[in-house]
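**Q** this one's structure only:
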């Protein structure tokens, strides 16, 4: 946790006055280039680690934005960060746009990409549900391939430790302006538990969720 009993500390202007311990994790979806250029330098400079959930078929491409290359993924791991499973397609939802057989292929093939390219790491035992959708059949599939947990897009609070690692919640999505982030995160910290800070691409020009590197930093 970053905040202990009766603590009153500041991180980059963010005041923490927490009465209970709080845990924060950092996860980023889709394997975007900004994970390498923005996220890694900033978080690692504070000693924080993060997980990038990749779409394996898009590695090294510019489909829907510049994606991470294999060499960059290797460097992300070398710096102590993690690579998780987000599937093989940006448009396939494992629940509503795929059969169970197809969903299994997306999970298995993304995991195979990680292993075959020498990227094996603790993060590969965790998945991010595409579009946040899941059901008991998907959870059973993940357990079949020895996954330990998976992250949803549910923003509700959760305890730490989490009761069900296959229903990990977000907790916090980055906002476009710095003050919005400070206000929202301070409010969220008061609730305690595990806060999973989440975003896709960090870019002011991003079509979806335009979070500039300046605001993130």
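**A** Okay, I see it. All values reported here derive from a predicted model rather than from experimental measurement. Numbering: from 1, shown residues only.

**Q** drop to CA atoms for contacts and neighbour counts, all remaining ones
**A** Fine.

**Q** separation between the closest residue to residue 175 other than its chain neighbours and residue 142?
**A** With C-alpha to C-alpha, 6 or more residues apart in numbering as the measure, residue 181 is the residue that lies nearest to residue 175, at 5.6 Å, once sequence neighbours are left out. Using C-alpha to C-alpha, to the nearest Å, one obtains 33 Å as the distance from residue 181 to residue 142.

**Q** Of the two, which one has the most company?
**A** Here residue 181 and residue 142 are compared on neighbour count by other C-alpha atoms under 10 Å; more neighbours surround residue 142, at 21 against 18.

**Q** Wait, a strand at the more buried one?
**A** No: note on residue 142: no strand contains this position according to DSSP: H, G, I helix; E, B strand; the rest coil, which reports helix.

**Q** can you pull the contacts of it?
**A** residue 107 (C-alpha atoms under 8 Å, 6 or more residues apart in numbering).

**Q** Now the phi/psi pair for the residue nearest to residue 175, please.
**A** Backbone geometry at residue 181, expressed as degrees, to the nearest 10, gives phi -70, psi -40.

**Q** okay, which residue is most central for the protein?
**A** For the chain, the residue whose C-alpha lies nearest the mean C-alpha position (C-alpha atoms, centre = their mean) is residue 27; its distance is 2.0 Å.

**Q** now that residue, what's its secondary structure?
**A** strand.

**Q** Bridging across strands, which residues link to it?
**A** residue 51, residue 198 (DSSP bridges).

**Q** ok, it - contacts?
**A** Residues touching residue 27, when contacts are defined by C-alpha under 8 Å, 6+ apart, comprise 50, 51, 52, 53, 196, 197, 198, 199.
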